[in-house]
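**Student:** Give the three-dimensional model of this entry:
(2 chains)
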Number of protein chains: 2
Amino acid sequence: MAESVERLQQRVQELERELAQERSRRMPGSGDGGGGRARIEKMSPEVVDSNPYSRLMALKRMGIVSDYEKIRTFAVAIVGVGGVGSVTAEMLTRCGIGKVKTFLFAYHIGNYSLLEYIRFTKAEQKLLIADLSTLTDQGAWSILLLFDYDKVELANMNRLFFQPHQAGLSKVQAAEHTLRNINPDVLFEVHNYNITTVENFQHFMDRISNGGLEEGKPVDLVLSCVDNFEARMTINTACNELGQTWMESGVSENAVSGHIQLIIPGESACFACAPPLVVAANIDENTLKREGVCAASLPTTMGVVAGILVQNVLKFLLNFGTVSFYLGYNAMQDFFPTMSMKPNPQCDDRNCRKQQEEYKKKVAALPKQEVIQEEEEIIHEDNEWGIELVSEVSEEELKNSSGPVPDLPEGITVAYTIPKKQEDSVSELTVEDSGESLEDLMAKMKNM
Amino acid sequence: MAESVERLQQRVQELERELAQERSRRMPGSGDGGGGRARIEKMSPEVVDSNPYSRLMALKRMGIVSDYEKIRTFAVAIVGVGGVGSVTAEMLTRCGIGKVKTFLFAYHIGNYSLLEYIRFTKAEQKLLIADLSTLTDQGAWSILLLFDYDKVELANMNRLFFQPHQAGLSKVQAAEHTLRNINPDVLFEVHNYNITTVENFQHFMDRISNGGLEEGKPVDLVLSCVDNFEARMTINTACNELGQTWMESGVSENAVSGHIQLIIPGESACFACAPPLVVAANIDENTLKREGVCAASLPTTMGVVAGILVQNVLKFLLNFGTVSFYLGYNAMQDFFPTMSMKPNPQCDDRNCRKQQEEYKKKVAALPKQEVIQEEEEIIHEDNEWGIELVSEVSEEELKNSSGPVPDLPEGITVAYTIPKKQEDSVSELTVEDSGESLEDLMAKMKNM
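**Tutor:** Residues are numbered from 1 along each chain as shown, chains lettered A, B, ... in the order given. I've put the predicted structure just below:
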């Protein structure tokens, strides 16, 4: 009998050990930094299989980025952790955004249930409490801030990132668990709320302006990965007020086009600058979002949009290549239009107008040489429409590619065609797919 | 004492149950279809949170794809499960490629260690054996075939898909486990070997020609996601011999450009058609792969390349949009060149020449009307170079975008520039980035 008890006790211990191992593979913060790998203090260029940064540090040797390690000093806020936002967060996490911080757990204890807390060993609990006091003294560092209020559903499984066993969990928490396991060197701050309510908006503004690398400093960039017009306008309002640079992203309801856009308040058009953004007009009834009619989505389109978004973020933060102000993706024709938009001096958002004035003053104060460079880089002059779309595609090319193209040399595969030409001069410069006018396009964005 | 034994026995049962639950979340095929969700017999368009296919079936309502369910009837082989291949496999898995099959386990038992097999319950083992006989009767269905022989390393963590706890596992097996959990409706066949050895090449050829939806039928498409020239040439040799349509993908060593290419033997240029593909010339010494100097890589570039690859696969298989023969991605300038290449009548690969003859016969046998359509779609005529690059970019546009562009209207952001013009006429038509000649480009591909 005694032997039997002993054997059973051994078996219990054995099972507890196995269970702990299994959990550490799946659960965050349960002992070994998420079960994946230990945290790394300093990014190394060493070419060994065990170095998760070797391929990124190689960008320096290749002459692409002069100071890759700088990635660790940036804080980025991602609003919306769906098809585009989750992949965006994963890419930034794998790129090593954010800085090593020793009190990682402590910072996250608020996100654990009591049950999870109790599962930690005594030593870990002690560490947590010790770290909490450190945290209070030093202030929290928050590097990747995630905002969302949706739950993971099986209906999201046609996009990358989330997995079926996460169904029912909040998107921000499920994302944080996965991301922390992938890269324990990155810090996360998650907010499981809708930013468009009055109370949450204030908190959102506060986290944007204070949630940077050092608490009290603003984040370096806000990324909009939301799926509706109201949330985009909310981010726009906040960023205009704070003078916060942000990037917008979107995927069409038919899943076959998308875009990214860089908005520097005062320098480039904001989300409220272009009247069509808020005036619905001329939408194809078949693509309108109706009750019970859900939008289509594809992991491909969302993956490409997240990819070009984060590429633009890396180029912007690490200062390499050409940062795009607008890059579109037409998946049907594999056409990628680029353009830039001036801010509208008559913009409805008074903070946008204020930022425009400040930008003008800033440019006026620059030495002559720098002003010329600035003007080449970015448009900031008024014109009679208040807003101007400037297309990379020449009128000649537009003409060539409009409708059927019977006189092209044999063997040329047409990359895109614009079925019908618009008479309106603004629309004529629009480079979006399927001959839609700017108004159509903007009205559709409203429904995204 | 008796009570203590009983309590301990209860505890053992409890722990075993918990452990089984934990394992089912992580491990494939351990009871509930990977712990994620149950298998689904028929794709439904129903808009409910629990339907993983609602957003894909919506593509039909949006008028993009006429028969989305057809995705389940295709078998695709992916060679190379690295930065591009793993994301490619995940996207196809999430799109629901492949068909429901009730003997999923059985088919995979060969991939489990004895230990894992023993972990299955008695009932499951019985099912496995029963299914094995069914399998023998009906033949196996293999839908997503994965080929690789690498192990997951921490050095791969700067790309999407693999996670740190998978370090040390074979890439194909780690991928299969994750993918099966994501979508238990998809079938997987994995091969953990190097396709370029003589023995493995025969097996590879056999699986391409017999591993389709019905055993004995060929796969619908082969995707090359490998990182070296030899493996690409091996796939090319196999596909030319079999007349198998395939798509090639690649990312440059400096991580900031990539491409995809569709190769239909006899119709479009194969990988051996263009002499520069096999003749190294004029490579920038700084970007050459040397011992201890590893290539750079970014999750962004690889994500975009996987996205445009799978988008091209979906368009090709489901018959929507324009399928690209070649689509490049220059991340520095956000430039996406497209082109198509004729096959070379003097190609070194005799099977390519044979396929060209067969294609000509096929076209000649078509009714007049269809021939015209074919000719517009694809180039198959000879010319004096044997191979011709046809650029979507007009000479006019090339001229405009070469070097500095001082006379563009104010406010235009240049999407790309080609720093120096090549004198050679073939090179002049090359649309790749940074003014590289076709030879440079091809030589670099050799090192990818």
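
**Student:** okay, the residue in the stretch 151-300 of chain A positioned nearest to chain B: pLDDT?
**Tutor:** Nearest residue of the stretch 151-300 of chain A to chain B, counting by C-beta to the nearest C-beta: A:Pro164, 2.8 Å away. C-beta coordinates here come from the backbone N, C-alpha and C atoms, glycine included. Here the pLDDT value assigned to A:Pro164 is 87.

**Student:** same check, this time on A:Ala272
**Tutor:** Listed pLDDT for A:Ala272 reads 87.

**Student:** so it touches A:Cys352, yeah?
**Tutor:** Yes. Using C-beta atoms under 8 Å, A:Ala272 makes contact with A:Cys352 at a distance of 6.3 Å.

**Student:** Those two: which has the busier surroundings?
**Tutor:** The neighbour count for A:Ala272 versus A:Cys352, taken as other C-beta atoms under 10 Å in any protein chain shown, is higher for A:Cys352 (26 against 20).

**Student:** Next up, the contacts around the more buried one.
**Tutor:** A:Asn240, A:Pro265, A:Gly266, A:Cys270, A:Ala272, A:Cys273, A:Pro343, A:Asn344 (C-beta atoms under 8 Å, 6 or more residues apart in numbering or on different chains).

**Student:** Could you verify that it is part of a strand?
**Tutor:** No. Using DSSP: H, G, I helix; E, B strand; the rest coil, the assignment for A:Cys352 is helix, not a strand.

**Student:** gap between it and chain B?
**Tutor:** Distance of A:Cys352 to chain B, given as C-beta to the nearest C-beta, to the nearest Å: 18 Å.

**Student:** from what I can see A:Met62 touches B:Ser297, true?
**Tutor:** No. If you go by C-beta under 8 Å, A:Met62 and B:Ser297 don't touch, sitting 10.4 Å apart.

**Student:** give me phi/psi at A:His191?
**Tutor:** Here is the backbone geometry of A:His191 (degrees, to the nearest 10): phi -130, psi 110.

**Student:** For it, which non-adjacent residue is closest in space?
**Tutor:** Excluding its sequence neighbours, the residue lying closest to A:His191 (C-beta to C-beta, 6 or more residues apart in numbering or on different chains) is A:Phe147, at 4.7 Å.

**Student:** My guess is the one you found contacts A:Glu189. True?
**Tutor:** No. Look at A:Phe147 against A:Glu189 with C-beta under 8 Å: they stay out of range, at 9.4 Å.

**Student:** Looking at the two, which one has more neighbours?
**Tutor:** Ranked by neighbour count (other C-beta under 10 Å), A:Phe147 and A:Glu189 place A:Phe147 first, with 29 against 22.

**Student:** For my notes, confirm A:Glu248 occurs in a helix.
**Tutor:** No. Counting by three-state DSSP, A:Glu248 is not found in a helix; it is strand.

**Student:** and it, what are its bridge partners?
**Tutor:** Beta bridges link A:Glu248 to A:Ser224, A:Gln261, judged by DSSP bridges.

**Student:** which residues does it contact?
**Tutor:** Residues near A:Glu248 by C-beta under 8 Å, 6+ apart: A:Ser224, A:Arg232, A:Ile235, A:His259, A:Ile260, A:Gln261, A:Ile263, A:Phe271.

**Student:** Return the residues in contact with the second one.
**Tutor:** By that I understand A:Arg232. Listed by C-beta under 8 Å, 6+ apart, the contact set of A:Arg232 reads A:Ser224, A:Val226, A:Glu248, A:Phe271, A:Met445.

**Student:** That one sits in which helix or strand?
**Tutor:** Using DSSP states H and E, A:Arg232 falls within helix A:229-242.

**Student:** Could you list the buried residues of that helix?
**Tutor:** Using 16 or more other C-beta atoms under 10 Å in any protein chain shown as the test for burial, helix A:229-242 gives A:229, A:231-242.

**Student:** would you turn these into a markdown table with pLDDT?
**Tutor:** As requested, those are arranged in a markdown table below (pLDDT from 0 to 100):
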| residue | pLDDT |
| --- | --- |
| A:Phe229 | 83 |
| A:Ala231 | 90 |
| A:Arg232 | 90 |
| A:Met233 | 90 |
| A:Thr234 | 93 |
| A:Ile235 | 95 |
| A:Asn236 | 95 |
| A:Thr237 | 96 |
| A:Ala238 | 96 |
| A:Cys239 | 97 |
| A:Asn240 | 97 |
| A:Glu241 | 97 |
| A:Leu242 | 97 |
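
**Student:** Looking at the contacts of A:Glu248, spot the one nearest A:Leu318.
**Tutor:** Set against A:Leu318, the nearest of the contacts of A:Glu248 by C-beta to C-beta is A:Ile260 (16.9 Å).

**Student:** Model confidence at the closest one, what's the number?
**Tutor:** On pLDDT, A:Ile260 comes in at 92.

**Student:** give the contact list for it.
**Tutor:** Taking C-beta under 8 Å, 6+ apart as the criterion, A:Ile260 is in contact with A:Met247, A:Glu248, A:Ser249, A:Val305, A:Ile308, A:Leu309, A:Asn312, A:Ser324, A:Tyr326, A:Leu327.
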